[in-house]
Each structure stands twice: as C-alpha cells, then as structure tokens.
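Trainee: below is the sequence, then the predicted model.
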Amino acid sequence: MCDVLVVDDDFMVASAHERVVDGIPGFRVVGVAHTGTRALELIDSLQPHLVLLDVYLPDISGLDVIRDARNRGHDIDFLVLSAAREPGMVTAALQGGVVSYLLKPFKITELRGRLIAYAERVRVLNRPGALQQRDLDHALGAASGARSGAATLPKGLSRETAALVESELRRHPGAIAASECAESLGVSRVVARKYLEQFVAVGSAVVSLRYGQTGRPQRRYSWVSDGTAD
C-alpha cells in the first residue's frame, strides 16, 4: 500500500486529487494539506511514501517543501501537480528529485496514468537481485510517465490510457482478456481492445486464443519485453 499526502491550496482540487488516488488499488490518501507549513507537519507525522504537491502555496512554495523535507531526512517521493511553467521552477523541482511533473490543467486519466506508472517504477526498483538495463529503462520511463509501448500511437489513442493498459498487462504474468482489462481500468471493452491490439501490432504484446465450449475463441493478451515475456 502506497500512502499518499495531497497538497494543494484549492480545497476542491485537493478533494478531486484525493478521489483519484483512493480509486486506484494499492494507493490510499493518509492526509491533505492546503499550505506548505501544514504539508511539512504531516510529512513529519505521517511519513507518506508519495506527496502530490502543488508549487504555488499561500505561505511557502512547493519547492521549499521539497527542500525542507529533504533537509529533515525524509526519503519520500514527490509528484508535482502545478500550473508553474517557468523553466527555473521546473528545473529546481527536477533537481529536488521529483518523480514526475504534471502541468495543470490536466485530465484525470493523466494523473491516474502517472500514479500507476509510479507504482510500476517502485515495483521494478524493488525487485530482488541486480537490475538489467531494460529494468532501468522501464523504471526511468515510468518515473516520467513515458511508456515504452505508448511511445508512438495512431490518432485517436491517448498516451495516458495506453499507459494504464500497459501497466495492467505488466501486472499479469499470464494473459488477460480485453473484458478483464476493461473492468479493472473502468473503460469499455471496445476501448481496451483497441489499445491491446495496438500493442500487439507494434510487438509490445502477443495474443493467444483460449477455446471454450462454444462460440468464438477468446483473445488473451500478454506483455512482451525484449522478445521475452516480462
């Protein structure tokens, strides 16, 4: 379970982010702060794993929160959700070790994609044994929200939804049907199948057929990495 602290001065925005986090399996919101000072207090007391952080706060900036948390010895991750577009601010956030930076306004699916990508990054980096180059590439791609299978998509398909489908595929060591993928992600079966078939087309996934008693065989999909099942 990933404990998340939500920090945003806008009460409605913070509430919306809280609902997104709580709607993803494996995540839970343990606190909400509307100022930087309160955020640092909750970081000290709650010890969250991840902080969803705005840069523009009424007392101190989100960059100050990151810096002060680091100075206090907290080994936590920050995912910045902000309208701050100034190169200097973005650079300072990246130098502070944020795992991702998402510009406001953004779609809910984009935030969900970043959170699921973050969970995948943590999973990869916590594997036992030495990491291979493909593991590092995958972890670093997940950190920024960039996904190997979602790099090039035809018109009409979004990278955010592709990231969700990819993560769902990676979570299943066997194979998954479009209907199962759709139910897990809360999308339609038709939408899930479009992305699954796209991954098959570019070689990121393979499809197998499961034959039942009657009717057409069920198409089941498995993620493939570097030519081997991941």
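Mentor: Structure's in. What do you need?
Trainee: can you give me the helices in this structure?
Mentor: Along the chain, the segments classed as helices by DSSP state H run 11-22, 36-46, 62-71, 87-95, 108-125, 133-144, 159-171, 178-185, 189-201.
Trainee: tell me which of the ones you listed approaches Leu53 most closely.
Mentor: The closest of the helices of the chain to Leu53 is helix 62-71. By Cβ to Cβ, the value is 4.6 Å. Yep, even glycine has a C-beta here, placed from its N, CA and C like the rest.
Trainee: before we move on, back to that, looking at the helices of the chain, which one is packed in the most?
Mentor: Ranked by mean neighbour count under mean count of other Cβ atoms under 10 Å, these are led by helix 159-171, which reaches a mean of 23.
Trainee: and the angle for that helix with helix 108-125?
Mentor: Angle between the axes of helix 159-171 and helix 108-125 is 30 degrees (criterion: axes from the mean of the first three to the mean of the last three Cα atoms, to 10 degrees).
Trainee: just the CA atoms of helix 159-171, as CSV, please.
Mentor: As requested, the backbone C-alpha atoms of helix 159-171 are provided in CSV (Å, rounded to 0.1, in the frame of the first residue of the first chain):
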residue,chain,number,x,y,z
ARG,A,159,-0.7,8.0,-24.2
GLU,A,160,-2.4,8.2,-20.8
THR,A,161,-4.9,5.4,-21.5
ALA,A,162,-2.1,3.5,-23.2
ALA,A,163,-0.1,3.8,-20.0
LEU,A,164,-2.9,2.4,-17.9
VAL,A,165,-3.5,-0.6,-20.3
GLU,A,166,0.3,-1.3,-20.4
SER,A,167,0.5,-1.3,-16.6
GLU,A,168,-2.4,-3.7,-16.4
LEU,A,169,-0.8,-6.0,-18.9
ARG,A,170,2.5,-5.9,-16.9
ARG,A,171,0.7,-6.7,-13.7
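Trainee: just checking, what packs against that helix?
Mentor: With contacts taken as 3 or more Cβ pairs under 8 Å, 6 or more residues apart in numbering; DSSP states H and E, helix 159-171 sits against helix 108-125, helix 178-185, helix 189-201, strand 218-225.
Trainee: mind putting these in CSV, distance to Ala14 and mean pLDDT included?
Mentor: Formatted as CSV, the helices and strands packed on helix 159-171 follow (distance: least, Cβ to Cβ, whole Å; pLDDT from 0 to 100):
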stretch, distance to Ala14, mean pLDDT
helix 108-125, 13, 83
helix 178-185, 24, 88
helix 189-201, 29, 90
strand 218-225, 34, 85
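Trainee: looking at the ones you listed, which is nearest to Pro58?
Mentor: Between these, helix 108-125 lies closest to Pro58; by Cβ to Cβ that is 22.4 Å.
Trainee: low-confidence bits of the chain, can you list those?
Mentor: Screening the chain residue by residue with the criterion pLDDT under 70, one finds the ranges 134-152, 212-215, 225-230.
Trainee: go again with 90.
Mentor: Along the chain, the model assigns pLDDT under 90 to residues 1, 23-26, 84-97, 99-100, 102-103, 105-175, 182-188, 198-205, 209-218, 223-230.
Trainee: for the nearest residue to Ala119 once chain neighbours are set aside, give me its contacts.
Mentor: Leaving aside its sequence neighbours, Ala119 sits nearest to Gly26 (Cβ to Cβ, 6 or more residues apart in numbering; 5.9 Å). By Cβ atoms under 8 Å, 6 or more residues apart in numbering, the residues touching Gly26 are Met1, Cys2, Ala119.
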